[in-house]
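Student: Here's a sequence, model it:
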Amino acid sequence: MEVIPRSACPPFVAQDDAIIRELCSPRNSSVRNQSVAEATIPPGGFVREHYHRTTEELYYVLSGTGRMSLDGETREVTAGDLVVILPGKRHRIDNLGNDPLVMIVTCSPPYTVADQVMTG
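Tutor: Predicted coordinates:
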């Protein structure tokens with residue numbers, strides 16, 4: 001059985017400005033076809049617009065309130081919402097609240113810097 005404690009996953013600032021804890025990926029586990037991360041956006045912060053060449057990405061909001069922009073459509077999201085982001089779709093999320101916006105982010109295939117194209 002493979003169990004990865006959150007405490008074993010140090011946070012880092014990604015190229016899109018999100019604070020990331022990579023919870024499970026090929027870099028720290030036996031998983032090969034997906035990755036799971038916790039993303040935190042501080043109050044007033046945002047994830048810069050970008051897209052992924054091949055990766056399908058899911059944002060599951062755990063806490064906080066945000067404004068999701070996806071390929072020209074904008075919508076408010078809050079705890080319990082899940083956003084589906086297909087490859088090639090430009091996206092950005094802004095924290096609208098006074099508390100951190102915390103999400104679980106999954107990627108398949110696994111997240112790589114090379115697959116992420118910054119546009120904003």
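Student: element containing the residue positioned nearest the centre of the chain, please.
Tutor: Nearest to the geometric centre of the chain sits Val105, at 4.1 Å (Cα atoms, centre = their mean). Counting by DSSP states H and E, the element that carries Val105 is strand 101-108.
Student: what's across from Leu58 in the sheet?
Tutor: Beta-bridge pairing of Leu58 under DSSP bridges involves Val84, Thr106.
Student: follow-up on the earlier one: hang on, isn't the residue nearest to the centre of the chain packed against Val61?
Tutor: No - counting by Cβ atoms under 8 Å, Val105 stays clear of Val61, with 10.3 Å between them. Where you see a C-beta, it was placed from the backbone N, CA and C, and this is true even at glycine.
Student: State the pLDDT value of the nearest residue to Ala14 once chain neighbours are set aside.
Tutor: In space, and not counting its chain neighbours, Ala14 is closest to Ile20: 4.8 Å by Cβ to Cβ, 6 or more residues apart in numbering. Ile20 carries a pLDDT value of 97.
Student: Check Asp115 too.
Tutor: So Asp115 comes in at 97 (pLDDT).
Student: likewise the one 3 residues further on?
Tutor: What the model reports for Met118 is a pLDDT of 95.
Student: Can you give me the distance of Ile4 to Thr55?
Tutor: 21 Å (Cβ to Cβ, to the nearest Å).
Student: likewise Arg6?
Tutor: From Arg6 to Thr55 the distance is 23 Å (Cβ to Cβ).
Student: Please say which of the two ends up with more neighbours.
Tutor: Thr55 (21 against 9; other Cβ atoms under 10 Å).
Student: Leaving out chain neighbours, which residue sits closest to the more buried one?
Tutor: Thr55 sits nearest to Cys107 (Cβ to Cβ, 6+ apart), 4.8 Å away.
Student: got it, and Gly64?
Tutor: Using Cβ to Cβ, 6+ apart, the nearest residue to Gly64 is Leu101, at 3.4 Å.
Student: what is the one you found paired to in the beta sheet?
Tutor: The residues that Leu101 bridges to, once DSSP bridges is applied, are Ile41.
Student: for the strand holding Val105, which positions count as buried?
Tutor: 101-103, 105-107 (16 or more other Cβ atoms under 10 Å).
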